[in-house]
Structure formats: structure tokens, C-alpha cells
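> Structure of the sequence below:
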Amino acid sequence: MLTYPLEGMDVKEAVAAQFKMIDCITKVFRGHEMLSRGDLGVVPGFNKPVTTYKAEQVIADFFDAESCVLVRGAGSGAIRLGLSAMMPPGSKILIHDAPVYSTTSISMEMMGLDLKKADFNNLADIERALGQDPDIRGALIQYTRQKPEDSYDMETVIGTIRKCADILILTDDNYAVMKMSRTGVQCGADLSCFSSFKLLGPEGVGIVIGKKRYTDKIIGWNYSGGMQVQGHEAMDVLRGLTYAPVSLAIEAEVGKECVRRLKAGEIDGIKDAFLANAQSKIVLVEFEEDIAAQVLEEAERSGAAPNPVGAESKYEIVPMFYRLSGTFRKADPALEKRMIRINPMRGGADTVLRILKRAVESVKICL
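Below you'll find the model as predicted:
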């Protein structure tokens, strides 16, 4: 199998990102404010907590965006609101010819969007799709991989679309923010949407960055007090964004080490190992036999997390041994019996491989 994992920030670059976030915070907040939990409610003049308003300023500045809004509904809610702000129901939208993430698919169904597909790995196919249908109003690009053979580059895809058509572009940056050096907006998109929960932040809070005319729409739609992201949640978003880049860069280095050692034959019964973005950057382990389900059961007994919480959330510290992602399983259903994904989370390669070795050996004894 050939995979094309995204090349994210190394630890040195991640440290620089952490420092930039702190610099942006100190330009907006006074010192004593950062030692508080923030305010609550619909403050006159802001119609939201002042802390939330300031946190949005910080995030927009950090990502070189015109504007930012924190929303309810995590990454899926952010994408749903972003799509709604960009185009009316029933519009034609260009998407990658690949399995679509389930909650994104539901959002497009809710809006009655007319899906037009092109292979984003093939720039000529993007040009073909846009040339054949001048009524396409927008494009949705998922930053991370939707199928194992995906190799497209975000900035190149955006540039190709811009060259061919004057349409709006939204990027799904979940699992890519604070790993990649640039967001979709920084690559030329109109809006980028992602979850704070995947960045060590609070549950249920999504982030939309990009053109102010679209974030202003979202702010207007979320006028009521119950829709506001409260001050303490906004503070937790900033703290998560501060710690996430270095943590994720270390996790990526551990993944590389695991693949290197598995390819060198450290554990019997392993056919191959790969780095992939599915959706987060993980280690794909292929077994010589169809033992994936049994290995997952044994790995949990040895301390591995059996399922995600938010996929790299603040709660996930032990390595996660899990089935292939839904989009990968749709792309090739046969893989599910002989392949698993491992996310090291905050663990080291020695821990990951010890759990894997013990699980494989236990399964082989029972065969």
C-alpha cells in the first residue's frame, strides 16, 4: 500500500507556533484576565462574553484571518454553519471524489446541496469539472485524507480552483490545524472550520476562521444567549491551542518511530506498517493474517484505549488501538479484517510496540 501522509510541523516549528500564540494573547488580553475564568452572558455592545470576543480576536490574528467566531457543535457544527453562510440551499458544490465524512455528508444533505465530484489528486479533473458546469457555487476541501491513495496538496487544489472559477471555498481543517504550518484560509480559502476539542480544548466548541462577511452571518444567526460560547470555554480554547502544537508534533515523531521499527521486523506477524492521515495522523498496521478484530480486543486488555473520545482530545493520553476510519473502510472494505490504526496519543514508541506485541502474541496462541 502507498500512503501520502501530510508532512506537518516538527517540534521546533511547533514550539514557534506555541510562542506565536502566547504573543497574540498578550496583545489582546491584560495579564490579570488570563488568570481568570472569563465572563458570562450577552454583554451589551458585544452580545457575547467579552472574553469570548477577545479570544476570537486572538485566534483570527494567530491564523492570519480576517475574523473568527467560536460556535456550538464542534467541528461538524462549524462546517455546517460555514457552508450555510457561504451558499444558499440547493447550490452546486464541488467535492473530492471519495467517501465523505459522515457528519459533513449530513450537513450537505440538510442543505440540499447538489454534489459535483472531481478527483482532487488530479488537477486536470478539477479543471474538467469546473469547466463543464459553470453553475458550481462553491467547493469543500477536506485537509486530511479521505482514502489511502489521496496525495493532493491543499494550496495547489485551492490555486487550481481559483484559476478556473470564481467560487467560494471552505476547508475542513479538522485533524490538520496545529499540525500543518498553514490552515486552509492561509492557503487561500474563504473559510476554514475545525474543532477545539481535537486541540486539547473544551467539548462541543467549533472554530470558524476566514472572511468577515461570512463569520458575521454566523454571529447574527447565533444571537441568543444560549448559543454563545461562554468566557470560561473561550479561555479553555486558548489554553488548548497553546499546548496542542508541541504535543501533536511529539505524537507525530512517535508515529514515525513506530513505523520504522515495525518495518524493520521488530514484531512477528506484521506484514507492513504505514503512516497515514485517516483522519488524524496515525500508524496503519497490516497483519499477515485476518486478526485485526482479535488484536484490538487484546490491546485493550494491555492498556490501549479502544475508541476515540474526540480524536486527540484532552482526555486521550494512552495510545489508541482502533479499527480503520469509516472513509478508509468505504474505500476498501477488505482492509478491515487485516489492518488497524494506532494513534500514540501521549505515549512513546516503546509503549505502543509493547502493547502491540503482547496483543499479537496472545491472539496467535489462541489460533
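
> any low-confidence regions in the protein?
Residue ranges of the chain with pLDDT under 70: 1, 278-279, 327, 367.

> Strands of that one, residue ranges please.
Along the chain, counting by DSSP state E, strands occupy 67-72, 92-96, 114-118, 136-142, 168-172, 191-195, 205-210, 270-277, 281-287, 320-322, 339-343.

> packing partners for the first one?
So that's strand 67-72. helix 50-62, helix 74-86, strand 205-210, helix 212-221, helix 231-263 (3 or more Cβ pairs under 8 Å, 6 or more residues apart in numbering; DSSP states H and E). The way it works is simple: take the backbone N, C-alpha and C, and place the C-beta from them, glycine included.

> Of those, flag the one that's most buried.
With neighbours defined as mean count of other Cβ atoms under 10 Å, the helices and strands packed on strand 67-72 peak in mean count at strand 205-210, which reaches a mean of 28.

> Could you tell me which strands sit next to it in the sheet, and their orientation?
Strand 205-210 pairs in its sheet with strand 67-72 (antiparallel), strand 191-195 (antiparallel), by DSSP bridges.

> out of the ones you listed, deepest packed?
strand 191-195 (a mean of 29).

> quick check: angle from it to strand 136-142?
40 degrees (axes from the mean of the first three to the mean of the last three Cα atoms, to 10 degrees).

> by how many degrees do strand 191-195 and helix 74-86 diverge?
Angle, strand 191-195 to helix 74-86, by the same axes, to 10 degrees: 160 degrees.

> thinking again about what came up before, can you lay out the strands of the chain as CSV showing distance to A359?
Below are these laid out as CSV (distance: least, Cβ to Cβ, whole Å):
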stretch, distance to A359
strand 67-72, 39
strand 92-96, 34
strand 114-118, 39
strand 136-142, 31
strand 168-172, 33
strand 191-195, 30
strand 205-210, 35
strand 270-277, 11
strand 281-287, 10
strand 320-322, 7
strand 339-343, 10
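
> still on that earlier bit, let's have the helices and strands packed on strand 67-72 in CSV, adding distance to G8.
Below are the helices and strands packed on strand 67-72 laid out as CSV (distance: least, Cβ to Cβ, whole Å):
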stretch, distance to G8
helix 50-62, 17
helix 74-86, 18
strand 205-210, 18
helix 212-221, 26
helix 231-263, 6
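
> Tell me the spacing between D268 and R260.
Distance of D268 to R260, computed by Cβ to Cβ, to the nearest Å: 17 Å.

> same question, D23
The value you get for D23 to R260, if Cβ to Cβ is used, is 35 Å.

> and the strands paired with strand 205-210 as TSV, adding distance to A139?
Compiled in TSV, the strands paired with strand 205-210 are given as follows (distance: least, Cβ to Cβ, whole Å):
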stretch	distance to A139
strand 67-72	20
strand 191-195	11
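
> Out of the ones you listed, which is closest to F120?
F120 lies closest to strand 191-195 among the strands paired with strand 205-210, at 16.4 Å (Cβ to Cβ).
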